[in-house]
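Q: Predicted model, plus sequence, below.
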Amino acid sequence: MVRRFAGRDRLVIRDLGCGTGSLGRWLSPLLPNPQHWIMQDREPDLLRHVYMDVTSTALVTVETRLGDLGGVTAADLAGTSLVTASALLDILTTEEVDRLAAACADARVPALFTLSVLGEVELSPADPLDAEIAEAFNEHQRRVQDGRRLLGPDAPAAVVESFEKRGVAVQVAPSPWQLGGDHPELTAEWLRGWVGAAVEQRPELAAEAASYLRQRLDAIEEGRLSGTVGHVDVLAVPA
């Protein structure tokens, strides 16, 4: 992808569902060009905390825009060099993913979607409840929210299908989260959220899940828990 932008004077990158700008902070140093980032999110509180490390270079500028990515059109993307989003596709519907792919394809703008969840979790040491928690979590990811059926772990396949039916070349690469190691606090935070969503989906799991969570948190604190959470990155590049 970086080679695609070689020789361009300036890139305009629209980061959808930007949060506080973590994707931009990771990607901007990897691109050799001057860049203007349009950070878009529907949450004004997040936009107020957007942070991009531009202190080391004068080549990156940033603006924020309040808006729902479900309304992005090809006309909105005029002049855009790249559309990005991170950990976002799973909270969209099939129709929203299709509209987003159509906008990118019609505007002939490449799109990079990182850290899309696959619904695959492998923990070591294994526990008999792992599979049931994972199944309930995936059901939660696919829940109906405000009348919208979320894609959850089906999102990567849906976005690939949406682009490919429009003749856009798509590359998919694994980008698993590695649990344990040097960041036990992050592993513990992920575990609480994973188990919490599973219990929200299946309240009958509450008692077993509480014991499971305590044991797993103890294992994290003692450095005995490791694993991976399956994610993929998707790059769609119009010809």
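A: It's in. Numbers count the residues shown, from 1 in each chain.
Q: how close does the most centrally placed residue in the chain sit to Ala103?
A: The centroid of the chain falls nearest to Ala87 when counting by Cα atoms, centre = their mean (1.1 Å). As judged by Cβ to Cβ, to the nearest Å, Ala87 and Ala103 stand 20 Å apart. Using the backbone N, CA and C atoms, a C-beta is placed for each residue, glycine as well.
Q: farthest residue from the center of this protein?
A: Most distant residue from the mean C-alpha position of the chain: Ala207, 30.8 Å away (Cα atoms, centre = their mean).
Q: by contact count, what packs against the longest strand along the chain?
A: Identified as the longest strand of the chain according to DSSP state E is strand 111-124. The contact analysis (3 or more Cβ pairs under 8 Å, 6 or more residues apart in numbering; DSSP states H and E) places strand 111-124 against strand 82-86, helix 94-107, helix 130-141, helix 155-164, strand 226-237.
Q: Chain neighbours aside, what residue packs nearest to the residue nearest to the centre of the chain?
A: With sequence-adjacent residues excluded and distances taken as Cβ to Cβ, 6 or more residues apart in numbering, Ala87 is closest to Leu115, at 4.4 Å.
Q: what does the helix with the most length in the chain contact?
A: The helix spanning the most residues in the chain, taking DSSP state H as the definition, is helix 184-201. Outside helix 184-201, the residues that touch it by Cβ atoms under 8 Å, 6 or more residues apart in numbering are 121, 132-134, 136-137, 139-141, 143, 177, 179-180, 205-206, 209, 212-213, 216-217, 220-221, 223, 225, 229.
Q: rerun at 6 Å
A: 133, 136-137, 139-140, 179-180, 205-206, 209, 213, 216-217, 220 (Cβ atoms under 6 Å, 6 or more residues apart in numbering).
Q: Please indicate which of those residues are buried?
A: Buried by 16 or more other Cβ atoms under 10 Å: 133, 136-137, 140, 179-180, 205, 209, 213, 216-217, 220, out of the contacts of helix 184-201.
Q: Low-confidence stretches in the chain?
A: The chain contains residues with pLDDT under 70 at 1-8, 54-58.
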